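Q: Sequence and computational prediction follow.
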Number of protein chains: 2
Amino acid sequence: MKKTIYASAQEAEAAFYDAFGKSDLEAMMAVWADDDEIYCIHPAGPRISGVENVRESWRRFFTNGQMLSFQLHARHEVHGMMIAIHSVYEQITVAGEGPARNPMLATNIYLRTDRGWRMVAHHASPAPAVPASRSTAQTEPKRAPKTLH
Amino acid sequence: MKKTIYASAQEAEAAFYDAFGKSDLEAMMAVWADDDEIYCIHPAGPRISGVENVRESWRRFFTNGQMLSFQLHARHEVHGMMIAIHSVYEQITVAGEGPARNPMLATNIYLRTDRGWRMVAHHASPAPAVPASRSTAQTEPKRAPKTLH
(Lines give C-alpha, C1' and ligand atoms only; values in the text may rest on other atoms or scores of the structure.)
Protein backbone atom coordinates (compact mmCIF):
# COMPACT_ATOMS: atom_id res chain seq x y z
CA MET A 1 0.00 0.00 0.00
CA LYS A 2 1.42 3.36 -0.99
CA LYS A 3 1.90 5.94 1.73
CA THR A 4 1.28 8.89 -0.54
CA ILE A 5 -0.13 11.96 1.19
CA TYR A 6 -2.04 14.30 -1.09
CA ALA A 7 -1.73 17.89 0.09
CA SER A 8 -4.75 19.06 -1.88
CA ALA A 9 -7.82 17.74 -3.62
CA GLN A 10 -6.18 18.73 -6.91
CA GLU A 11 -3.22 16.45 -6.17
CA ALA A 12 -5.53 13.60 -5.25
CA GLU A 13 -7.48 14.16 -8.47
CA ALA A 14 -4.33 14.14 -10.59
CA ALA A 15 -3.31 10.85 -8.93
CA PHE A 16 -6.80 9.43 -9.51
CA TYR A 17 -6.71 10.03 -13.27
CA ASP A 18 -3.10 8.92 -13.50
CA ALA A 19 -3.91 5.60 -11.80
CA PHE A 20 -7.07 5.26 -13.89
CA GLY A 21 -5.13 5.78 -17.12
CA LYS A 22 -2.42 3.30 -16.18
CA SER A 23 -4.79 0.65 -14.79
CA ASP A 24 -2.76 0.81 -11.56
CA LEU A 25 -4.96 -0.70 -8.86
CA GLU A 26 -2.69 0.05 -5.89
CA ALA A 27 -2.22 3.67 -6.93
CA MET A 28 -5.97 3.97 -7.50
CA MET A 29 -6.84 2.66 -4.06
CA ALA A 30 -4.22 4.94 -2.44
CA VAL A 31 -6.34 7.86 -3.65
CA TRP A 32 -9.51 6.62 -1.94
CA ALA A 33 -10.25 7.15 1.74
CA ASP A 34 -9.85 4.00 3.78
CA ASP A 35 -13.46 4.12 4.90
CA ASP A 36 -16.46 1.95 4.21
CA GLU A 37 -18.54 5.04 3.40
CA ILE A 38 -16.74 5.57 0.08
CA TYR A 39 -18.75 4.95 -3.08
CA CYS A 40 -18.20 4.76 -6.79
CA ILE A 41 -20.66 4.93 -9.68
CA HIS A 42 -19.17 3.90 -13.02
CA PRO A 43 -21.12 5.11 -16.09
CA ALA A 44 -24.53 3.38 -16.22
CA GLY A 45 -23.48 1.09 -13.39
CA PRO A 46 -24.86 0.55 -9.91
CA ARG A 47 -23.54 2.28 -6.83
CA ILE A 48 -20.63 0.37 -5.36
CA SER A 49 -19.67 1.16 -1.80
CA GLY A 50 -17.09 0.19 0.75
CA VAL A 51 -13.36 -0.24 0.29
CA GLU A 52 -13.44 -3.89 -0.74
CA ASN A 53 -16.23 -3.47 -3.28
CA VAL A 54 -14.72 -0.33 -4.75
CA ARG A 55 -11.35 -2.05 -5.05
CA GLU A 56 -12.98 -5.06 -6.74
CA SER A 57 -14.79 -2.81 -9.23
CA TRP A 58 -11.53 -1.16 -10.27
CA ARG A 59 -9.75 -4.51 -10.43
CA ARG A 60 -12.36 -5.71 -12.93
CA PHE A 61 -12.22 -2.43 -14.81
CA PHE A 62 -8.45 -2.75 -15.13
CA THR A 63 -8.48 -6.38 -16.21
CA ASN A 64 -7.98 -5.61 -19.88
CA GLY A 65 -5.03 -3.35 -19.04
CA GLN A 66 -6.03 -0.66 -21.52
CA MET A 67 -3.96 2.49 -21.32
CA LEU A 68 -6.19 5.53 -21.24
CA SER A 69 -5.49 9.19 -21.24
CA PHE A 70 -7.81 11.76 -19.79
CA GLN A 71 -8.26 15.30 -20.81
CA LEU A 72 -10.22 17.11 -18.15
CA HIS A 73 -12.30 20.09 -19.16
CA ALA A 74 -14.38 22.76 -17.49
CA ARG A 75 -13.52 21.81 -13.92
CA HIS A 76 -16.01 23.32 -11.51
CA GLU A 77 -15.08 23.37 -7.82
CA VAL A 78 -16.98 23.85 -4.61
CA HIS A 79 -14.66 24.03 -1.60
CA GLY A 80 -15.19 23.74 2.10
CA MET A 81 -12.50 23.51 4.76
CA MET A 82 -12.59 19.75 4.89
CA ILE A 83 -14.18 18.90 1.57
CA ALA A 84 -13.79 19.58 -2.11
CA ILE A 85 -16.39 18.80 -4.76
CA HIS A 86 -15.07 18.76 -8.31
CA SER A 87 -17.17 18.35 -11.40
CA VAL A 88 -15.17 17.65 -14.54
CA TYR A 89 -15.78 16.61 -18.12
CA GLU A 90 -13.55 13.61 -18.89
CA GLN A 91 -12.50 13.30 -22.52
CA ILE A 92 -11.09 9.80 -22.70
CA THR A 93 -8.65 8.50 -25.29
CA VAL A 94 -7.84 4.80 -25.51
CA ALA A 95 -4.22 4.22 -26.52
CA GLY A 96 -4.12 3.37 -30.22
CA GLU A 97 -7.57 4.78 -30.89
CA GLY A 98 -8.95 8.26 -31.28
CA PRO A 99 -10.70 10.08 -28.47
CA ALA A 100 -14.13 8.80 -27.52
CA ARG A 101 -16.89 10.73 -29.26
CA ASN A 102 -18.66 11.81 -26.11
CA PRO A 103 -17.16 12.73 -22.77
CA MET A 104 -18.12 11.57 -19.33
CA LEU A 105 -19.17 13.96 -16.64
CA ALA A 106 -17.84 13.16 -13.17
CA THR A 107 -18.59 14.41 -9.70
CA ASN A 108 -15.49 13.72 -7.60
CA ILE A 109 -15.65 14.35 -3.87
CA TYR A 110 -12.57 14.58 -1.65
CA LEU A 111 -12.23 14.87 2.11
CA ARG A 112 -9.30 16.15 4.09
CA THR A 113 -8.47 13.18 6.30
CA ASP A 114 -5.68 12.71 8.81
CA ARG A 115 -3.78 11.12 5.91
CA GLY A 116 -4.24 13.98 3.50
CA TRP A 117 -6.91 14.57 0.88
CA ARG A 118 -8.68 11.40 -0.23
CA MET A 119 -11.52 10.60 -2.58
CA VAL A 120 -14.78 9.56 -0.94
CA ALA A 121 -17.07 9.50 -3.97
CA HIS A 122 -16.84 9.26 -7.76
CA HIS A 123 -20.02 9.47 -9.84
CA ALA A 124 -19.46 9.33 -13.60
CA SER A 125 -22.07 9.34 -16.34
CA PRO A 126 -22.25 9.98 -20.09
CA ALA A 127 -22.46 13.62 -21.11
CA PRO A 128 -23.54 15.16 -24.41
CA ALA A 129 -20.37 17.12 -25.25
CA VAL A 130 -17.45 18.92 -23.74
CA PRO A 131 -18.55 22.52 -23.41
CA ALA A 132 -16.64 24.99 -25.50
CA SER A 133 -14.82 27.54 -23.41
CA ARG A 134 -16.75 30.78 -23.31
CA SER A 135 -19.72 28.66 -24.10
CA THR A 136 -23.46 29.11 -23.71
CA ALA A 137 -25.10 30.05 -20.47
CA GLN A 138 -25.86 26.38 -19.83
CA THR A 139 -22.26 25.39 -19.23
CA GLU A 140 -19.25 26.83 -17.54
CA PRO A 141 -15.73 27.57 -18.64
CA LYS A 142 -12.97 26.80 -16.19
CA ARG A 143 -12.69 29.41 -13.50
CA ALA A 144 -11.24 29.95 -10.09
CA PRO A 145 -12.90 28.06 -7.26
CA LYS A 146 -14.64 29.87 -4.46
CA THR A 147 -14.86 28.82 -0.86
CA LEU A 148 -18.44 28.46 0.27
CA HIS A 149 -17.88 28.19 3.99
CA MET B 1 -39.22 33.44 -2.53
CA LYS B 2 -40.00 31.03 0.27
CA LYS B 3 -38.27 31.54 3.60
CA THR B 4 -38.18 27.87 4.49
CA ILE B 5 -35.31 26.83 6.72
CA TYR B 6 -34.34 23.18 6.50
CA ALA B 7 -32.96 21.89 9.78
CA SER B 8 -31.27 18.89 8.20
CA ALA B 9 -30.11 17.57 4.87
CA GLN B 10 -32.91 14.99 5.10
CA GLU B 11 -35.51 17.77 5.31
CA ALA B 12 -33.96 19.57 2.36
CA GLU B 13 -33.97 16.32 0.39
CA ALA B 14 -37.62 15.64 1.17
CA ALA B 15 -38.45 19.18 -0.01
CA PHE B 16 -36.38 18.67 -3.17
CA TYR B 17 -38.29 15.56 -4.24
CA ASP B 18 -41.61 17.07 -3.22
CA ALA B 19 -40.98 20.16 -5.38
CA PHE B 20 -39.67 17.95 -8.21
CA GLY B 21 -42.79 15.78 -8.12
CA LYS B 22 -45.13 18.77 -8.10
CA SER B 23 -43.24 20.79 -10.75
CA ASP B 24 -43.09 23.60 -8.18
CA LEU B 25 -40.31 25.92 -9.34
CA GLU B 26 -40.32 28.27 -6.34
CA ALA B 27 -40.25 25.40 -3.86
CA MET B 28 -37.48 23.76 -5.89
CA MET B 29 -35.33 26.86 -5.88
CA ALA B 30 -35.92 27.36 -2.14
CA VAL B 31 -34.05 24.07 -1.62
CA TRP B 32 -30.96 25.22 -3.51
CA ALA B 33 -28.26 27.38 -1.99
CA ASP B 34 -28.36 30.93 -3.24
CA ASP B 35 -24.84 30.70 -4.60
CA ASP B 36 -23.41 30.71 -8.09
CA GLU B 37 -21.34 27.63 -7.27
CA ILE B 38 -24.39 25.35 -7.30
CA TYR B 39 -24.64 22.85 -10.15
CA CYS B 40 -27.12 20.40 -11.54
CA ILE B 41 -26.65 17.49 -13.95
CA HIS B 42 -29.91 16.08 -15.30
CA PRO B 43 -29.65 12.55 -16.72
CA ALA B 44 -27.48 12.57 -19.88
CA GLY B 45 -27.45 16.35 -19.81
CA PRO B 46 -24.63 18.87 -19.50
CA ARG B 47 -23.57 20.43 -16.24
CA ILE B 48 -25.63 23.49 -15.47
CA SER B 49 -24.27 25.89 -12.90
CA GLY B 50 -25.25 29.09 -11.18
CA VAL B 51 -28.59 30.04 -9.68
CA GLU B 52 -30.10 31.51 -12.84
CA ASN B 53 -29.10 28.61 -15.09
CA VAL B 54 -30.23 26.01 -12.58
CA ARG B 55 -33.57 27.80 -12.19
CA GLU B 56 -33.99 27.97 -15.96
CA SER B 57 -33.25 24.24 -16.30
CA TRP B 58 -35.96 23.35 -13.79
CA ARG B 59 -38.37 25.81 -15.37
CA ARG B 60 -37.98 23.99 -18.70
CA PHE B 61 -38.18 20.63 -17.00
CA PHE B 62 -41.44 21.61 -15.35
CA THR B 63 -43.01 23.07 -18.48
CA ASN B 64 -45.16 20.02 -19.18
CA GLY B 65 -46.44 20.07 -15.59
CA GLN B 66 -46.20 16.31 -15.17
CA MET B 67 -46.88 15.07 -11.67
CA LEU B 68 -44.22 12.63 -10.60
CA SER B 69 -43.76 10.55 -7.54
CA PHE B 70 -40.42 9.39 -6.28
CA GLN B 71 -39.62 6.30 -4.35
CA LEU B 72 -36.14 6.60 -2.95
CA HIS B 73 -34.18 3.45 -2.30
CA ALA B 74 -30.90 2.46 -0.74
CA ARG B 75 -29.93 5.89 0.51
CA HIS B 76 -26.24 6.05 1.30
CA GLU B 77 -25.02 9.00 3.37
CA VAL B 78 -21.64 10.53 4.05
CA HIS B 79 -21.83 13.28 6.67
CA GLY B 80 -19.51 16.04 7.71
CA MET B 81 -20.32 18.87 10.10
CA MET B 82 -21.20 21.27 7.33
CA ILE B 83 -21.93 18.91 4.47
CA ALA B 84 -24.03 15.89 3.65
CA ILE B 85 -23.58 13.71 0.59
CA HIS B 86 -26.55 11.50 -0.21
CA SER B 87 -26.64 8.88 -2.92
CA VAL B 88 -30.13 7.57 -3.70
CA TYR B 89 -31.82 5.40 -6.28
CA GLU B 90 -34.84 7.30 -7.63
CA GLN B 91 -37.71 5.12 -8.81
CA ILE B 92 -39.89 7.56 -10.71
CA THR B 93 -43.59 7.14 -11.44
CA VAL B 94 -45.37 9.51 -13.82
CA ALA B 95 -48.97 10.12 -12.73
CA GLY B 96 -51.26 7.94 -14.85
CA GLU B 97 -48.47 5.62 -15.93
CA GLY B 98 -46.60 2.80 -14.30
CA PRO B 99 -43.21 3.25 -12.72
CA ALA B 100 -40.30 3.80 -15.08
CA ARG B 101 -38.49 0.57 -15.86
CA ASN B 102 -35.12 1.73 -14.68
CA PRO B 103 -34.26 4.00 -11.80
CA MET B 104 -31.99 6.99 -11.73
CA LEU B 105 -29.06 7.20 -9.41
CA ALA B 106 -28.49 10.60 -7.85
CA THR B 107 -25.69 12.20 -5.88
CA ASN B 108 -27.23 15.01 -3.84
CA ILE B 109 -24.94 17.33 -1.92
CA TYR B 110 -26.14 19.65 0.83
CA LEU B 111 -24.32 22.34 2.78
CA ARG B 112 -25.25 23.82 6.13
CA THR B 113 -25.55 27.51 5.31
CA ASP B 114 -26.58 30.41 7.50
CA ARG B 115 -30.07 29.80 6.12
CA GLY B 116 -30.21 26.12 6.98
CA TRP B 117 -29.31 23.10 4.89
CA ARG B 118 -29.36 23.76 1.16
CA MET B 119 -28.59 21.73 -1.93
CA VAL B 120 -25.39 22.67 -3.75
CA ALA B 121 -25.20 19.85 -6.28
CA HIS B 122 -27.48 17.28 -7.91
CA HIS B 123 -25.98 14.75 -10.33
CA ALA B 124 -28.48 12.22 -11.70
CA SER B 125 -27.86 9.47 -14.23
CA PRO B 126 -29.54 6.28 -15.43
CA ALA B 127 -28.91 3.21 -13.29
CA PRO B 128 -29.37 -0.46 -14.10
CA ALA B 129 -31.81 -1.42 -11.31
CA VAL B 130 -32.86 -0.61 -7.79
CA PRO B 131 -30.81 -2.89 -5.58
CA ALA B 132 -32.76 -5.43 -3.60
CA SER B 133 -32.42 -4.91 0.11
CA ARG B 134 -29.93 -7.39 1.54
CA SER B 135 -28.53 -7.46 -1.91
CA THR B 136 -25.25 -8.54 -3.43
CA ALA B 137 -21.92 -7.22 -2.31
CA GLN B 138 -21.96 -4.69 -5.14
CA THR B 139 -24.79 -2.61 -3.70
CA GLU B 140 -25.88 -1.40 -0.34
CA PRO B 141 -29.05 -1.72 1.65
CA LYS B 142 -30.16 1.36 3.56
CA ARG B 143 -28.23 1.79 6.73
CA ALA B 144 -27.40 4.34 9.35
CA PRO B 145 -25.09 7.13 8.25
CA LYS B 146 -21.72 7.58 9.80
CA THR B 147 -19.90 10.81 10.39
CA LEU B 148 -16.54 10.85 8.69
CA HIS B 149 -15.03 13.91 10.30
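A: Happy to help now that I have it. Numbers count the residues shown, from 1 in each chain, chains lettered A, B, ... in the order given.

Q: Nearest to chain B within chain A, name that residue for me.
A: residue A:125 (3.2 Å; C-beta to the nearest C-beta). (Glycine included, C-beta is placed from N, CA and C.)

Q: so where does the closest residue to that residue other than its chain neighbours fall, helix or strand?
A: Excluding the flanking residues, the one nearest residue A:125 by C-beta to C-beta, 6 or more residues apart in numbering or on different chains is residue B:125, at 3.2 Å. For residue B:125, the host element (DSSP states H and E) is strand B:116-126.

Q: and residue A:73, what does it touch?
A: Neighbouring residues of residue A:73 by C-beta atoms under 8 Å, 6 or more residues apart in numbering or on different chains: A:88-89, A:91, A:103, A:130-131, A:142.

Q: how about a cut-off of 7 Å?
A: Counting by C-beta atoms under 7 Å, 6 or more residues apart in numbering or on different chains, residue A:73 makes contact with A:88-89, A:91, A:130.

Q: ok, now residue A:9?
A: Counted by C-beta under 7 Å, 6+ apart, residue A:9 has contacts A:84, A:86, A:110, A:117.

Q: ok, residue A:62 touching residue A:25?
A: Yes: using C-beta atoms under 7 Å, residue A:62 makes contact with residue A:25 at a distance of 5.7 Å.

Q: before we move on, the earlier item: give me the subset of the contacts of residue A:73 lying in helices.
A: Secondary structure assignment by DSSP state H places none of these in helices.

Q: Residue A:5: neighbouring residues, count only.
A: 14 (other C-beta atoms under 10 Å in any protein chain shown).

Q: now residue A:96
A: Residue A:96: 7 neighbours (other C-beta under 10 Å).

Q: and it, backbone torsions?
A: Per-residue torsions, residue A:96: phi 90, psi -10 (degrees, to the nearest 10).

Q: who touches it in this structure?
A: Applying C-beta under 7 Å, 6+ apart, no residues qualify as near residue A:96.

Q: and residue A:8, what does it touch?
A: Residue A:8 neighbours (C-beta under 7 Å, 6+ apart): residue A:117.

Q: Grab the nearest non-local neighbour of the most centrally placed residue in chain A.
A: Geometric centre of chain A, nearest residue: residue A:108, 5.0 Å, by C-alpha atoms, centre = their mean. Leaving aside its chain neighbours, residue A:108 sits nearest to residue A:86 (4.6 Å; criterion: C-beta to C-beta, 6+ apart).
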